[in-house]
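Enquirer: how would this look folded up:
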Amino acid sequence: MSFEDIILKVKAHPELWLCTHQYYRNRAVCSRTWKQITKELDADEWTVKKRWKHLKDQYRKELKKILSKRLAMSNWHYYNDLSFITNEVLTGRHGVNKNVDSNNVASENESDSDEQTLLQTKLQHQRVNKQNSSALVRRLNVNKKPLIMKQLKELKDLIQSKKTMEDDLRNDADYLFLISLLPTIRKLTDLQKLHFRGKVNEWLLETLSQYQFTNDCDNKIYVQDQLNESQP
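Expert: Okay, the predicted model is just below:
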């Protein structure tokens, strides 16, 4: 017999815990119900009732801690399972010893009433705050969606651009030629690398100069040919 079994059985019989039930605290009905539950659980009635009382008392303590903001959320294993008795815990009344004088009884009842009212108010505020927080999160998510979509598109474009560039380089003969030289260049000393780079720059300048000279000559020849053709 586990605590979960007891919770499920009692939850199925609201006459044991729901104060608005027509048979609530009807001794005959409640007695039959407890006998039925203990029979189904194959346990003695005293043990079942004792464990149920322990569950209620512990739930009341956890609820008070949350409402007094000593806890943000209960980690007690059975807290959510017992949420169905929340209103009963908040609006319930503790039994009073008949031997206590009437003034003390009135004082205790007023104290209980004030405490329960305060707990109800705090619980209501927490529910409202939770609803407001959920609404705010939804609004933030809606506002962030366009920005997130924009960032995803930019990332997708960047990846596609990088892929296109890599494809172009794999088909670029000049790039492939330079890459083929890299393993050999890495074997050179620092001085050899400087010498190599200097030579490459000289070759480039020489090549560009020759290209410029050739273009100038071609342009002059072209202009001269045009002048000759224009003369009668």
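
Enquirer: Dihedrals phi and psi, Ala72?
Expert: Phi and psi for Ala72, reported as degrees, to the nearest 10, are phi -80, psi -30.

Enquirer: Can you report how many residues neighbour it?
Expert: Residues within reach of Ala72, counting by other C-beta atoms under 10 Å, total 7. To be clear about C-beta, it is placed using only N, CA and C from the backbone, and glycine gets the same treatment.

Enquirer: Same check on Ala12?
Expert: 10.

Enquirer: Next, the contact list for Asn25, please.
Expert: Just to correct that, residue 25 is Arg rather than Asn. Applying C-beta atoms under 8 Å, 6 or more residues apart in numbering to Arg25 gives no contacts.

Enquirer: Three-state assignment for it, please.
Expert: Of the three states, Arg25 takes coil according to DSSP: H, G, I helix; E, B strand; the rest coil.

Enquirer: just to confirm, which helix or strand has Lys50 in it?
Expert: Element membership for Lys50, per DSSP states H and E: helix 45-67.

Enquirer: Same question for the next helix or strand after that helix: list its buried residues.
Expert: Next in sequence after helix 45-67, counting helices and strands by DSSP H and E, comes helix 86-91. Buried residues in helix 86-91, counting neighbours by 16 or more other C-beta atoms under 10 Å, are found at 89-90.

Enquirer: same question, stretch 31-41
Expert: 33-34, 37-38, 41.

Enquirer: Domain-wise, how is the protein divided?
Expert: 1-92, 101-171, 173-232 (automatic domain parsing).

Enquirer: got those as TSV, with mean pLDDT columns?
Expert: Shown next, in TSV, are the domains of the chain (pLDDT from 0 to 100):
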stretch	mean pLDDT
domain 1-92	86
domain 101-171	66
domain 173-232	76
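
Enquirer: out of those domains, deepest packed?
Expert: domain 1-92 (a mean of 14; mean count of other C-beta atoms under 10 Å).

Enquirer: How far does that domain sit from its chain's centre?
Expert: Relative to the centre of its chain, domain 1-92 is centred 33 Å away, using C-alpha atoms, centre = their mean, to the nearest Å.

Enquirer: Please, where are all the helices along the protein?
Expert: For the chain, helices defined by DSSP state H occupy the ranges 3-11, 27-41, 45-67, 86-91, 102-170, 173-186, 190-230.
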